[in-house]
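Chemist: Pasting the sequence and the predicted model now:
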Amino acid sequence: MNVSSNVDFISIGCNCLGDCLVWGQNKLAAYGAQNFIALFDPIQSKVLATLPGHKDRVNHICWVPNVNEEYKNRYSSNENELLSCSSDNTIISWKQIKGGLNYQYKVIEILKGHSDSVTNISVLDFPDGSLLMCSTSADNTVKLWRREPLTKENIDTDTLPKWECIQTIDFTPKCMECSSLAFIPGTTIPLLAVGGLEPKIHIYIQNLDSKTTTTTTTTPLQFKKLMSLQGHQDWIRSLSFKTIENENNNNKEIEEELILASSSQDFKIRLWKISKFTAEKQKQQQLDESSNGGGANLLGSLSTQLSGVTSLSTKGYLFNCDSNKYIILLDAVLSGHDDWVYSIHWSPARKDQETGKKIQEQMLISASMDKTAIVWRPDRTTGIWIDESRVGDMGGNILGLYGAVFSPCSQYILSHGYNGAFHFWKQSTTQKSSSSSSFWEPQIVVSGHFGPVQDLMWSPDYSYFISCSTDRTLRLFSEWKRILENKEQQVISWNEIARPQIHGYDLECFTFIFKKTHVIVSGAEEKIMRAFVGSQNFVDTLSNISKVQPVNDGTQRPLAANQPSLGLSNKPYFTGNNEEENNNSEENTEDSIKMKMGGGGDEGGEGMDTGYFEDEAPFNPEVLSEPPFEEHLLQSSLWPEIHKFYGHGNEIIAVACSADGKYLASTCRASSADQATVRIWNVSNWKECANLKGHTLTVVNLSFSNNSKYLLGVSRDRMWTLWERSTTTDEPFVKVISAPKAHGRIIWSGSWSHDDKFFATGARDKLVKIWNLENIKDIKNACASTLPAFGSGVTCVEFAPKSSKFTGEHGDHLLAVGEDDGKITIWKSTISTSNPKALDWTCVHTISPLISHTLDVRKIRWRNTLIINGNSLTYQIVTCSVDHSVRIFNIKFN
């Protein structure tokens with residue numbers, strides 16, 4: 001049997017850090033996603049790959065210019081190298097795999113040198129192909145690294161020269177957070193700007209004095225401090241150099257100038273211009289000073305005296321370099337933001353398609369905590385910098401932007417915000433001709449969790465799945481099925497189309513209620529559980545986007561839900577004209593009347609206030625025909641809450657529903673036997689009907705058998721317990737047996753085979769055991785088989801559903817096992833020849849670590865819709881992990 005797998009979908013949010021996103025000429029955007037670097041195509045809105053390598057959060061990434069190309073064409077050629085830095089104190093150099101796809105990269109070198117988290121890297125390429133890199137770190141140093149040009153041997157063997165650290169600049173006790181490198185205009189002498197936790201920008205220049213004619217080859221580049229630029233009133237967040245070419249009017253020569261943009265927590269952006277200081281400029285400056293004679297004193301008296309530097313001072317800084325004189329002048333102060341400005345980027349130079357000339361627009365984008373990104377450019381006539389357009393969210397609850405970048409063609413803006421979310425805009429061409437300011441339209445973009453993903457489950461009809469995370473959200477992903485204009489066949493992509501719950505506590509677990517459509521119960525780090533029902537708007541949206549036919553099962557659905565600004569409950573929202581219909585209908589059950597009152601009725605008025613303190617968040621319930629933007633997900637895609645479950649004494653850990661939809665079981669965190677009980681709730685009236693004892697510590701996972709006859713609980717006390725359904729109503733479940741010391745460490749997971757003859761348990765002791773239900777009471781012989789020991793603790797086991805190929809008749813079951821290092825393996829069983837009640841297991845497939853998780857796999861769920869193509873059979877599994885990612889894999893059996 002030949003088994004192969006590929007990843008169909010990856011969802012992962014961006015790290016909540018300033019400027020954690022880059023977009024290269026190769027059409028790929030890269031962002032830090034927990035310990036990964038995620039590569040995605042913004043235009044197609046698909047995460048293509050996550051690159052594993054770092055051991056801690058990725059802080060900054062930059063594409064390396066393609067040094068194989070000629071220097072003059074490098075700006076527009078596709079990059080094939082990447083540098084990333086992380087909180088694990090390292091910098092990793094990545095290279096595209098030769099002959100692989102454009103998003104397949106491998107680790108070439110890991111640079112160790114810093115003793116604390118590396119916060120930022122910038123890189124500069126020399127015409128000969130050598131590279132200079134600057135890295136800033138929380139260990140209060142800035143390191144400079146150099147790499148030699150590629151040799152023929154490197155190109156033949158697909159390797160890269162090694163980086164070497166050439167200089168360390170110590171800034172103790174201050175810490176530098178951002179840097180930028182460029183050449184001094186008209187030369188190849190590098191200039192370095194660094195900024196950080198002080199209002200100054202430090203400028204360094206290559207030390208030319210140390211170079212004598214004899215030792216040019218041996219002396220490496222060394223930098224010396226040139227000056228500190230003062231003017232900002234708070235810490236520096238981002239720096240960016242840009243070289244611009246101006247034609248000199250007198251002698252038609254092309255004159256280069258360098259502009260340094262700096263953004264700061266004082267809400268301002270400053271532009272500093274560095275250019276050759278010629279005799280003409282000196283005259284001009286003297287004229288300016290004499291004409292401003294009176295004005296200068298006035299300015300002096302107005303400006304605030306900050307440590308002896310006048311903040312409105314426009315005096316230039318002069319310096320000599322390579323027998324030329326240069327001047328640094330403050331060119332402009334841009335103020336348009338009203339909160340910290342986190343990132344600032346120039347629009348990239350691009351090649352004109354017709355003439356082949358280099359086009360270099362002076363255009364700048366800044367992203368700020370005030371929830372907006374601003375595009376700045378100088379006015380064509382006056383040359384004054386103006387805010388040409390502003391994108392983002394006025395009001396709402398997106399909490400600010402961390403970074404924004406232009407696409408290589410400058411037609412798109414991509415930004416990332418506080419919740420790990422992306423915002424994506426396209427420049428609209430229709431309005432371009434009529435007005436001078438451009439119009440930016442929001443586009444559909446990827447989304448994902450920005451915290452560990454704890455739980456995950458397919459809907460009962462397998463049309464969509466919901467994931468649950470400690471980032472306090474439940475996210476619902478579904479297939480967007482559409483036919484493109486120029487193609488005949490259907491295009492399918494996965495998108496987040498709703499966010500049923502956004503909570504004030506970390507969410508731990510949830511379950512669908514079977515035999516009902518779109519009803520879930522979730523548990524968080526609070527003592528109550530909450531039940532939600534999919535709103536009418538959601539049902540219609542799902543039908544539009546995923547072509548899922550609505551089922552009318554008599555569930556009364558509010559139109560939408562709205563969360564009061566200070567409440568935790570999603571209150572149902574009905575339109576006015578529905579009220580009369582509701583009163584006349586025969587469905588006026590106790591539940592539906594409660595629902596109109598505002599979610600549960602018996603909740604002591606929580607969330608019943610109408611927001612006395614502030615305006616309601618903009619709430620706009622509507623039915624959509626394509627996946628929503630982040631703003632809609634945050635405010636208008638919630639599911640109404642219909643009930644709260646009280647009874648547990650600690651925070652909820654696990655919840656499960658029986659397959660016949662009659663009973664719900666839940667557990668909470670426990671340190672004693674009286675807390676470690678499993679509470680059973682009757683779904684028909686949401687009332688508690690039993691409290692099952694049997695464990696002494698937290699029950700971490702619950703699993704009902706497929707025929708709803710048995711309930712399995714696994715626990716921190718290293719044992720599992722089995723309860724059986726009884727016929728009496730006052731005691732619906734009776735304990736069958738407990739297996740003390742079933743494993744040597746905490747048992748994380750339990751799962752039933754599709755024919756309910758076996759169940760599996762997986763534990764931190766690196767073992768998976770399969771138990772036979774037939775002789776379960778004879779506990780010594782109950783274990784049908786033990787899988788070979790795994791490389792790390794087992795966090796998740798899941799049996800596959802029944803299929804034409806794996807019927808279970810000959811003991812052929814499939815089992816997926818997830819470990820706490822992110823490894824996922826697929827196992828197949830056959831009936832043992834020596835003992836007919838035991839099973840023999842073989843590992844038939846291991847998902848490649850390049851596409852798999854890197855931390856604990858929390859859940860694996862098989863999708864019950866098989867794709868049978870001739871002799872091959874394809875399963876889909878969806879997995880989630882503490883590494884913030886949710887993935888769908890196709891597993892193909894030939």
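Modeler: That came through fine. Residues are numbered from 1 along each chain as shown.

Chemist: ranges for the strands of the stretch 301-450 of the chain?
Modeler: 305-306, 309-310, 317-321, 324-335, 341-346, 350-351, 358-359, 364-368, 372-378, 385-392, 401-406, 412-417, 422-428, 439-442 (DSSP state E, counting those that start in this stretch).

Chemist: Any chance of JSON lines for these, columns distance to A30, mean neighbour count and mean pLDDT?
Modeler: C-beta here means a position set from N, CA and C on the backbone, and glycine is covered the same way. Below are these laid out as JSON lines (distance: least, C-beta to C-beta, whole Å; neighbours: other C-beta atoms under 10 Å; pLDDT from 0 to 100):
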{"stretch": "strand 305-306", "distance to A30": "38", "mean neighbour count": "11", "mean pLDDT": "38"}
{"stretch": "strand 309-310", "distance to A30": "38", "mean neighbour count": "16", "mean pLDDT": "38"}
{"stretch": "strand 317-321", "distance to A30": "34", "mean neighbour count": "15", "mean pLDDT": "84"}
{"stretch": "strand 324-335", "distance to A30": "27", "mean neighbour count": "17", "mean pLDDT": "90"}
{"stretch": "strand 341-346", "distance to A30": "14", "mean neighbour count": "26", "mean pLDDT": "94"}
{"stretch": "strand 350-351", "distance to A30": "19", "mean neighbour count": "17", "mean pLDDT": "86"}
{"stretch": "strand 358-359", "distance to A30": "24", "mean neighbour count": "14", "mean pLDDT": "83"}
{"stretch": "strand 364-368", "distance to A30": "17", "mean neighbour count": "28", "mean pLDDT": "94"}
{"stretch": "strand 372-378", "distance to A30": "19", "mean neighbour count": "22", "mean pLDDT": "93"}
{"stretch": "strand 385-392", "distance to A30": "21", "mean neighbour count": "18", "mean pLDDT": "89"}
{"stretch": "strand 401-406", "distance to A30": "10", "mean neighbour count": "26", "mean pLDDT": "94"}
{"stretch": "strand 412-417", "distance to A30": "11", "mean neighbour count": "26", "mean pLDDT": "93"}
{"stretch": "strand 422-428", "distance to A30": "13", "mean neighbour count": "20", "mean pLDDT": "92"}
{"stretch": "strand 439-442", "distance to A30": "22", "mean neighbour count": "16", "mean pLDDT": "90"}
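
Chemist: just for the stretch 651-800 of the chain, where's the confidence low?
Modeler: Nowhere does the stretch 651-800 of the chain drop to pLDDT under 70.

Chemist: can I get the strands of the stretch 301-450 of the chain in a markdown table with distance to K273?
Modeler: Formatted as a markdown table, these follow (distance: least, C-beta to C-beta, whole Å):
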| stretch | distance to K273 |
| --- | --- |
| strand 305-306 | 22 |
| strand 309-310 | 19 |
| strand 317-321 | 11 |
| strand 324-335 | 4 |
| strand 341-346 | 14 |
| strand 350-351 | 23 |
| strand 358-359 | 20 |
| strand 364-368 | 13 |
| strand 372-378 | 12 |
| strand 385-392 | 12 |
| strand 401-406 | 21 |
| strand 412-417 | 25 |
| strand 422-428 | 27 |
| strand 439-442 | 28 |
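
Chemist: Show me the residue at the heart of this protein, geometrically.
Modeler: G13 (1.1 Å; C-alpha atoms, centre = their mean).

Chemist: Which parts of the stretch 701-850 of the chain are strands?
Modeler: Using DSSP E, counting those that start in this stretch, strands in the stretch 701-850 of the chain cover 710-715, 720-725, 733-739, 747-752, 758-763, 768-772, 783-786, 794-799, 814-819, 824-831, 839-846.

Chemist: Now mean neighbour count and distance to N871 too, for those strands, in a markdown table please.
Modeler: As requested, the strands of the stretch 701-850 of the chain are exported to a markdown table (neighbours: other C-beta atoms under 10 Å; distance: least, C-beta to C-beta, whole Å):
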| stretch | mean neighbour count | distance to N871 |
| --- | --- | --- |
| strand 710-715 | 26 | 35 |
| strand 720-725 | 21 | 38 |
| strand 733-739 | 16 | 41 |
| strand 747-752 | 24 | 28 |
| strand 758-763 | 26 | 27 |
| strand 768-772 | 23 | 28 |
| strand 783-786 | 18 | 29 |
| strand 794-799 | 26 | 23 |
| strand 814-819 | 25 | 17 |
| strand 824-831 | 20 | 17 |
| strand 839-846 | 17 | 16 |
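
Chemist: Output those strands as JSON lines; include the columns distance to D170.
Modeler: Output for the strands of the stretch 701-850 of the chain, formatted as JSON lines (distance: least, C-beta to C-beta, whole Å):
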{"stretch": "strand 710-715", "distance to D170": "52"}
{"stretch": "strand 720-725", "distance to D170": "57"}
{"stretch": "strand 733-739", "distance to D170": "60"}
{"stretch": "strand 747-752", "distance to D170": "46"}
{"stretch": "strand 758-763", "distance to D170": "49"}
{"stretch": "strand 768-772", "distance to D170": "52"}
{"stretch": "strand 783-786", "distance to D170": "56"}
{"stretch": "strand 794-799", "distance to D170": "43"}
{"stretch": "strand 814-819", "distance to D170": "42"}
{"stretch": "strand 824-831", "distance to D170": "45"}
{"stretch": "strand 839-846", "distance to D170": "46"}
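
Chemist: Which of those strands sits closest to F406?
Modeler: strand 824-831 (37.8 Å; C-beta to C-beta).

Chemist: returning to what we had before: T865: which of the strands of the stretch 701-850 of the chain is closest?
Modeler: Comparing the strands of the stretch 701-850 of the chain by C-beta to C-beta, strand 814-819 comes nearest, at 15.3 Å.

Chemist: what helices or strands is the closest one leaning on?
Modeler: Secondary-structure packing of strand 814-819 (3 or more C-beta pairs under 8 Å, 6 or more residues apart in numbering; DSSP states H and E): strand 768-772, strand 794-799, strand 824-831, strand 857-862, strand 872-881.

Chemist: mind running it again at 6 Å?
Modeler: strand 794-799, strand 824-831, strand 857-862 (3 or more C-beta pairs under 6 Å, 6 or more residues apart in numbering; DSSP states H and E).

Chemist: I'd like to check the angle between the first one and strand 758-763, please.
Modeler: When axes from the mean of the first three to the mean of the last three C-alpha atoms, to 10 degrees is applied, the directions of strand 794-799 and strand 758-763 differ by 170 degrees.

Chemist: so where is the stretch 201-350 of the chain shaky, pLDDT-wise?
Modeler: 209-220, 247-252, 281-315.

Chemist: run the last query once more with 90
Modeler: 206-222, 226-227, 230-231, 244-256, 275-327, 329, 331, 349-350 (pLDDT under 90).

Chemist: quick one on the thing from earlier: lowest-confidence stretch among the helices and strands packed on strand 814-819?
Modeler: Lowest mean pLDDT of the helices and strands packed on strand 814-819: strand 824-831, a mean of 92.

Chemist: Name the strands paired with that strand and say parallel or antiparallel.
Modeler: strand 814-819 (antiparallel), strand 839-846 (antiparallel) (DSSP bridges).

Chemist: Quick one, which of the strands of the stretch 301-450 of the chain gets closest to S672.
Modeler: Closest among the strands of the stretch 301-450 of the chain, once you apply C-beta to C-beta, is strand 412-417, at 43.2 Å.

Chemist: coming back round to it: do I have it right that the residue nearest to the centre of the chain meets F450?
Modeler: Yes - between G13 and F450 there is a contact at 3.6 Å, judged by C-beta atoms under 6 Å.

Chemist: Now the common contact residues for those two.
Modeler: G420 (C-beta atoms under 6 Å, 6 or more residues apart in numbering).

Chemist: so what's the residue lying closest to K837 once chain neighbours are set aside up against?
Modeler: Spatially, and ignoring its direct neighbours in sequence, K837 is nearest to N772 (5.5 Å; C-beta to C-beta, 6 or more residues apart in numbering). N772 sits next to 758, 784, 837 when contact means C-beta under 6 Å, 6+ apart.

Chemist: do you know how far the second one is from I747?
Modeler: Distance, A784 to I747, using C-beta to C-beta, to the nearest Å: 17 Å.

Chemist: What of the last one?
Modeler: As judged by C-beta to C-beta, K837 and I747 stand 22 Å apart.
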